[in-house]
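Asks: Sequence and predicted model, in that order:
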Amino acid sequence: MKINFRIHYHTIPGQHICVGGPAKALGSGDASKAVRLTPINDGNWSATLDIPASATPLEYTYGVLDEQGNCRWEWGGGRKLKVAEPTPPVVFAHDQWRSPSGEERIMYGAAFREVLLKPNAGHRATGSESKQALRFSISMPRIGPRYQACVLGNQAALGLWDQTKPLLLACGNDFPEWAGSIDAAGLSLPIIYKYGIYDTQKKMVATIEDGFDRRIDALPEKDPEYLFIQADESFRYPLGNWKGAGVAVPVFSLRSDASAGIGDFGDLIDFIDWAKQVGMKMVQLLPLNETVASHNWLDSYPYKSISVMALHPIYMDLRQVGALHDKKLMGEISARLMELNAEPHVSFPDVHRIKSRYYKLIYDQEKDATFERKDYKAFFRKNREWLIPYAAFAYLRDKMKSPDFRQWKEYGTYDKAAIEQLCSKESEAWDDIAVHYFIQYHLDKQLRAVSAHARANGIVLKGDIPIGISPDSVEAWTEPHLFNLGAQAGAPPDDFAIKGQNWGFPTYNWEAMAKEDFSWWKKRLHHMGTYFDAYRIDHILGFFRIWEIPLDAVEGVLGYFKPALPMATREIERFGIGFDPERMASPYIREPLLHDLFGESTGEVIKTFLEQTDAGGYRMKKEYDSQLKVNRHFLKGIEEEDLTDENRKTRDGLFDLIANVLFIQTGCDEWHPRISLHSTSSYAELDAHTKQQLDQLYIHFFYKRHDEFWHHKAMEKLPAILSASDMLVCGEDLGMVPGCVPPVMEQLDILSLEIQRMPKDPKVEYAHPSDAPYLSVCTTSTHDMPTIRGWWEADRESIQSFYNNELGLHGTAPYFAEPWVCTKIIAQHLHSPAMWTTFPVQDLLAMDGDLRWDETHEEQINQPSNVRHQWRFRMHQSIEELKQATGFNQSLRALIGDAGRDSDY
């Protein structure tokens with residue numbers, strides 16, 4: 001069988017087009033052995049090969065070779081050339097170079113291919129292949145299940161442009177490749193045609209592609225038998241870009257009449273049904289991983305996981321696991337959970353304690369039958385690599401009454417053989433360990449059911465990948481070489497937290513991870529893909545550089561970027577600064593500052609914590625010369641919440657003294673300008689010239705110096721990590737965003753996050769939703785921010801400007817964000833060009849005066865400046881009530897439809 005490959009591509013001198021593939025005739029995957037095409041004319045390239053019929057389906061890809069032998073392959077996986085029996089003696093493959101835009105590439109991912117636009121495999125083509133056959137082929141992922149690709153044209157076999165008689169194409173198992181054939185004998189040239197989308201229910205074309213007519217000007221004349229394949233790319237949608245709407249809600253915030261004090265996976269299925277009812281196409285969640293470390297409120301923080309693989313036991317739907325045979329005991333547990341379910345907030349520690357009791361009891365009752373099930377055995381085999389260490393960790397955490405594995409004596413250093421023995425069925429600890437297998441089995445089963453339900457209903461389930469892990473976690477215990485356990489991650493100061501954030505996570509040892517081909521990340525994403533078809537990368541800036549904070553610091557303001565290019569003394573001095581480490585890199589403590597911070601307590605503070613220097617200033621006593629030492633002094637024997645106002649003021653003032661520096665040292669003659677140094681008294685007391693030069697250095701260091709460096713660092717890791725999954729990727733790119741971030745995200749098809757109240761252009765007060773890029777998620781607020789109503793009531797001056805300038809309304813802004821105001825803001829976002837508009841459920845409910853909660857300020861999920869914040873927000877109405885809110889649901893569905901976010905294609 002002869003195959004004639006032909007493609008149109010304009011090269012530059014020194015370049016050559018080739019075709020390669022796994023077949024021996026195409027170079028066996030070796031670019032240096034790929035077949036070179038011959039230039040014909042006007043950018044056309046051609047090559048003819050003899051290929052045995054047994055080699056089909058033939059996989060092949062076009063590439064551009066340069067003079068050094070480097071090959072740049074076209075986008076996407078290999079093409080597949082299939083021929084039917086009897087095999088035609090000649091095949092003409094007329095292809096187009098595959099180089100789709102980011103808008104098109106996104107459509108090939110799992111979120112669209114498997115959920116939103118999953119095709120109906122039963123669609124059949126209407127044509128057939130004859131001795132002389134013309135096959136039309138197009139790559140077309142953006143088409144809903146009730147629709148079918150088709151071709152209309154000036155030939156009888158193409159319906160003569162009749163929209164009820166097009167040639168229907170089929171995709172079978174090759175989606176998104178659609179193909180169909182007609183008899184080429186007797187066709188009149190030129191063949192003029194366009195692709196369309198055919199509605200299989202209405203039996204007519206729903207839309208025809210935009211733009212110019214396509215044409216075929218010649219067909220083979222000398223070959224009595226042939227297959228001519230016209231392979232086209234990029235259907236031109238008249239509707240423009242596809243857009244969808246979604247809702248963001250933490251699972252713990254869901255409420256149903258039958259839930260057990262907290263939202264669970266059973267509730268999530270019902271919530272997905274509501275989302276579909278109102279026209280939503282995405283449900284976005286917070287992280288679902290296990291966080292239990294201290295068995296108190298601190299465990300409610302979903303971003304500090306003790307395992308990146310295990311699911312949180314608190315989300316199990318007890319209804320699906322079954323009742324205890326002991327009816328009295330089951331009644332007691334159910335009654336207490338019903339009491340907690342009536343509370344306005346989630347009582348995390350109480351719910352966890354009662355559910356844990358139930359798990360122990362149901363395990364004892366059901367373990368033997370469960371462990372004999374085929375699906376349990378399959379679950380264990382698939383997940384044992386992480387499941388055994390996790391179960392051992394959970395057992396030792398409870399036995400030792402601490403998640404700090406450094407205190408676990410002989411188990412402090414992870415030893416795989418010792419842990420395998422501890423987890424063996426012969427071990428005395430077997431039941432205390434195996435109960436965690438039992439719990440994870442049920443959690444996995446339930447979340448997979450949620451995922452299947454969402455996919456079947458055209459809803460993308462979007463997960464969340466936290467940037468860090470707990471320092472007291474399974475991963476830190478089993479793979480400590482992958483983390484910098486001697487440092488902690490956080491964020492520089494921003495609108496959320498003026499002192500910065502200290503998350504308490506270890507930072508990543510990227511060099512060690514790279515040596516293992518980022519397998520830790522790849523396993524994590526692969527596992528996540530079991531449940532989700534999209535995910536949010538928490539703090540994507542951390543893949544470029546992380547804000548690292550020394551272990552002896554409490555506040556994020558004493559951190560620095562890593563990796564970074566610190567400055568040497570000589571480089572600082574080239575900015576015209578007389579660099580004095582004692583003056584600029586040590587706490588600058590003078591009498592006026594002490595009185596400003598401590599007032600009447602100044603004398604006592606000096607006596608207790610400070611000592612005088614020869615220069616007439618003060619320095620911290622050695623026992624109090626770090627924020628960590630000061631914090632330990634004030635929290636000795638008590639919790640943060642028990643600190644008196646007076647002691648908190650003194651402690652925080654001492655924190656300010658220690659942070660009153662202009663430079664931070666990270667190595668021998670390695671200096672970083674301190675973030676937000678302009679707010680320090682150390683800066684205020686500099687002379688005017690030094691201030692001016694320091695300003696220039698600051699701008700250079702934080703906004704110019706690292707762009708190329710951080711671009712390189714991100715591209716070292718992100719492409720490899722993202723390749724592990726086919727999920728839609730959304731990056732949380734808020735905060736201090738380097739200039740290199742947007743180009744990398746665009747290159748890697750990572751959607752950005754656009755928030756009206758957090759414009760990325762520093763020159764504007766608000767970011768208008770109409771300015772959002774297509775490849776983005778546009779939202780009104782996040783879990784780290786006040787809701788629309790909370791913000792409206794807290795920032796009166798800005799609200800007036802917003803009301804007049806962004807909403808285009810005259811007069812005085814209402815004191816409260818009335819339902820009509822919230823509706824206008826939601827509608828404004830829905831009409832954004834962004835691919836996704838995803839709203840917190842609180843902001844959606846704010847559009848309805850009957851549904852919104854009176855306790856406005858209780859709706860903010862997190863306070864980023866408070867590391868001990870209690871994550872307890874819960875919807876104040878049940879999902880059942882939400883489903884029955886007919887007026888609200890119809891209005892919301894209409895808003896989504898009016899904005900064009902309900903398209904089937």
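Replies: Thanks, I have it.

Asks: Centroid-wise, who is the farthest residue in this structure?
Replies: residue 222 (55.6 Å; CA atoms, centre = their mean).

Asks: From residue 712, how far out is residue 23?
Replies: Distance, residue 23 to residue 712, using CB to CB, to the nearest Å: 36 Å. Where you see a C-beta, it was placed from the backbone N, CA and C, and this is true even at glycine.

Asks: Please apply the same query to residue 593.
Replies: The gap separating residue 593 from residue 712 is 41 Å, by CB to CB.

Asks: Look at the two and report which has more neighbours.
Replies: Between residue 593 and residue 712, counted using other CB atoms under 10 Å, residue 593 has the larger neighbour count: 23 against 12.

Asks: State the phi and psi torsions of the more buried one.
Replies: Backbone torsions for residue 593, taken as degrees, to the nearest 10, come to phi -60, psi -40.

Asks: Please name the residues that touch it.
Replies: If you count contacts by CB atoms under 8 Å, 6 or more residues apart in numbering, residue 593 has them with 657, 660, 681.

Asks: From these, pick the one nearest residue 148.
Replies: Proximity to residue 148 was ranked across those by CB to CB; first place goes to residue 660, at 69.1 Å.

Asks: count of neighbours near the closest one?
Replies: Residue 660, neighbours per other CB under 10 Å, totals 21.

Asks: That one against residue 584, yeah?
Replies: No - judged on CB atoms under 8 Å, residue 660 makes no contact with residue 584 at a distance of 10.7 Å.

Asks: Name the residues contacting each of the two.
Replies: residue 682.

Asks: And the helices in the stretch 701-850 of the chain, which stretches?
Replies: Listed in chain order, the helices of the stretch 701-850 of the chain (DSSP state H, counting those that start in this stretch) span 707-722, 741-747, 788-794, 796-801, 819-830, 841-845.

Asks: ok, and which of those has the densest surroundings?
Replies: Compared across the helices of the stretch 701-850 of the chain, helix 841-845 shows the largest average neighbour count, a mean of 25 (mean count of other CB atoms under 10 Å).

Asks: tell me the mean pLDDT for that helix?
Replies: The pLDDT scores in helix 841-845 average 98.

Asks: From the chain's centroid, how far away is that helix?
Replies: Relative to its chain's centre, helix 841-845 lies at 21 Å (CA atoms, centre = their mean, to the nearest Å).

Asks: Stretch 498-515 now?
Replies: 18 Å.

Asks: Pull that stretch out as PDB, backbone CA atoms only.
Replies: Taking Å, rounded to 0.1, in the frame of the first residue of the first chain, the C-alpha atoms of stretch 498-515 are listed here in PDB:
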ATOM      1  CA  ILE A 498      -0.300  43.000  56.300                       C
ATOM      2  CA  LYS A 499       2.400  41.000  58.300                       C
ATOM      3  CA  GLY A 500       2.500  38.300  55.700                       C
ATOM      4  CA  GLN A 501       1.400  34.700  56.200                       C
ATOM      5  CA  ASN A 502       3.200  31.800  57.900                       C
ATOM      6  CA  TRP A 503       1.600  28.500  56.900                       C
ATOM      7  CA  GLY A 504       4.000  26.400  58.800                       C
ATOM      8  CA  PHE A 505       4.600  24.000  55.800                       C
ATOM      9  CA  PRO A 506       8.000  22.800  55.000                       C
ATOM     10  CA  THR A 507       9.200  24.000  51.600                       C
ATOM     11  CA  TYR A 508      10.000  21.600  48.700                       C
ATOM     12  CA  ASN A 509      13.400  20.300  47.900                       C
ATOM     13  CA  TRP A 510      13.000  20.700  44.200                       C
ATOM     14  CA  GLU A 511      16.400  19.400  43.300                       C
ATOM     15  CA  ALA A 512      15.700  16.100  45.000                       C
ATOM     16  CA  MET A 513      12.300  15.900  43.400                       C
ATOM     17  CA  ALA A 514      13.800  16.500  40.000                       C
ATOM     18  CA  LYS A 515      16.200  13.600  40.400                       C
END
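
Asks: from what I can see residue 590 touches residue 685, true?
Replies: Yes - Residue 590 is in contact with residue 685 according to CB under 8 Å; the separation is 7.5 Å.

Asks: how is this protein carved up into domains?
Replies: Following automatic domain parsing, one gets these domains for the chain: 2-233, 245-478, 561-698.

Asks: The longest one: end-to-end distance?
Replies: When the termini of domain 245-478 are compared using CA to CA, to the nearest Å, they are 40 Å apart.

Asks: State the mean pLDDT of stretch 694-703.
Replies: 97.

Asks: cool, and stretch 49-57?
Replies: The pLDDT scores in stretch 49-57 average 89.

Asks: Could you tell me the end-to-end distance of that stretch?
Replies: For stretch 49-57, by CA to CA, the gap between its terminal residues amounts to 15 Å.

Asks: ok, now how distant is residue 742 from residue 503?
Replies: Residue 742 is 24 Å from residue 503, where distance means CB to CB.

Asks: Any idea which of the helices of the stretch 701-850 of the chain has the lowest pLDDT on average?
Replies: Minimum mean pLDDT among those: helix 796-801, a mean of 90.

Asks: residues in contact with it?
Replies: By CB under 8 Å, 6+ apart, helix 796-801 touches 765, 791, 792, 812, 813.

Asks: Can you tell me the closest non-neighbouring residue to the third one?
Replies: Yep, that's residue 792 we're talking about. residue 817 (3.8 Å; CB to CB, 6 or more residues apart in numbering).

Asks: count of neighbours near residue 393?
Replies: Neighbour count for residue 393, taken as other CB under 10 Å: 29.

Asks: what's the answer for residue 333, then?
Replies: So residue 333, with other CB under 10 Å, has 21 neighbours.

Asks: Dump the contacts of residue 593 into TSV; add secondary structure and pLDDT as well.
Replies: TSV is the format used below for the contacts of residue 593 (DSSP: H, G, I helix; E, B strand; the rest coil; pLDDT from 0 to 100):
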residue	secondary structure	pLDDT
657	helix	98
660	coil	98
681	helix	97
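
Asks: Pick the one among those residues closest to residue 902.
Replies: Using CB to CB, residue 660 comes nearest to residue 902 of the contacts of residue 593, at 55.7 Å.

Asks: That closest one and residue 676, how far apart?
Replies: 11 Å.

Asks: swap in residue 838?
Replies: Taken as CB to CB, the span from residue 838 to residue 676 is 31 Å.
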